[in-house]
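> Provided below for reference: sequence and predicted model.
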Amino acid sequence: MIGMLRGKVWEIQAERLVMDVQGVGYLLSVPYGLLAKACPGQELVVYTHVVMREDDISLYGFSSLEEKQLFLEMLSVSGIGPKAAISLLSTFGAVQIESAIISENLNLLTKVPGIGKKTAQRLILELKEKLKGHVSLPMGGDAFSSQTPSPLAHSEALQTLLALGFGLEEARQALGRQKDGGDLTTEEQVKKALRMLAGGQ
């Protein structure tokens, strides 16, 4: 199986990127954090996992082995498929997800589209003990107290802007300039981004 790819970013899509590895284009579904940092022509090392089904073969990519390992741990939980696991990583990132599971933070986990209370409870029940000792919390012990918004917090807003016809790069820049973006709803983020894209404040 394909465990790692090293090549150049060929194309960036809404939720996926194409990597050129010695003339072969690999289409990868990746968390938004990796997507947000990538740019065409950039050389990347991506850790990968292949999901094979009867009617589909999908390739998932991650910026670190730790992120890939958390993805695999989440896949082992009943009710969590690849799309749900990627959605979790795209919304909060690996450290916040692990911290939420260890601290049994149901409210945070259920903010992710497609993750209901029962699924979040299974994540906590099956992964809490496995993940203990993996997380390095910032000073104060709360991974959610940072004043810096997660770079993954704009996922739904980005999708909305792309659906409205804006390019990926301009949409990312408009959302990235929102210092309070992590405290805004998706609708508020989109409205603020539209004002920026229109030349307003």
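It's in. Quantities reported herein were computed from a predicted structural model and do not represent experimental measurements.
> Give the next helix or strand downstream of the lengthiest strand in the chain.
The single longest strand within the chain, with elements called by DSSP state E, is strand 43-53. Per DSSP states H and E, the first helix or strand lying C-terminal to strand 43-53 is strand 56-62.
> Buried residues in that next one, which are they?
By 16 or more other CB atoms under 10 Å, the buried positions in strand 56-62 come out as L59, Y60, G61, F62. Using the backbone N, CA and C atoms, a C-beta is placed for each residue, glycine as well.
> ok, now stretch 89-109?
Across stretch 89-109, burial judged by 16+ other CB under 10 Å covers 89-103, 105-106, 108-109.
> The residue nearest the centre of the chain and L158: what is the separation?
What sits nearest the mean C-alpha location of the chain, by CA atoms, centre = their mean, is S90, with 1.6 Å. Distance of S90 to L158, given as CB to CB, to the nearest Å: 10 Å.
> shared neighbours, the two?
Y32 (CB atoms under 8 Å, 6 or more residues apart in numbering).
> can you count the residues close to Y26?
Look at Y26: counted by other CB atoms under 10 Å, it has 17 neighbours.
> dump the residue contacts of it.
Contacts for Y26 (CB under 8 Å, 6+ apart) come out as I2, L5, G7, V18, M19, L59.
> so it sits in a helix?
No. According to DSSP: H, G, I helix; E, B strand; the rest coil, Y26 belongs to no helix; its state is strand.
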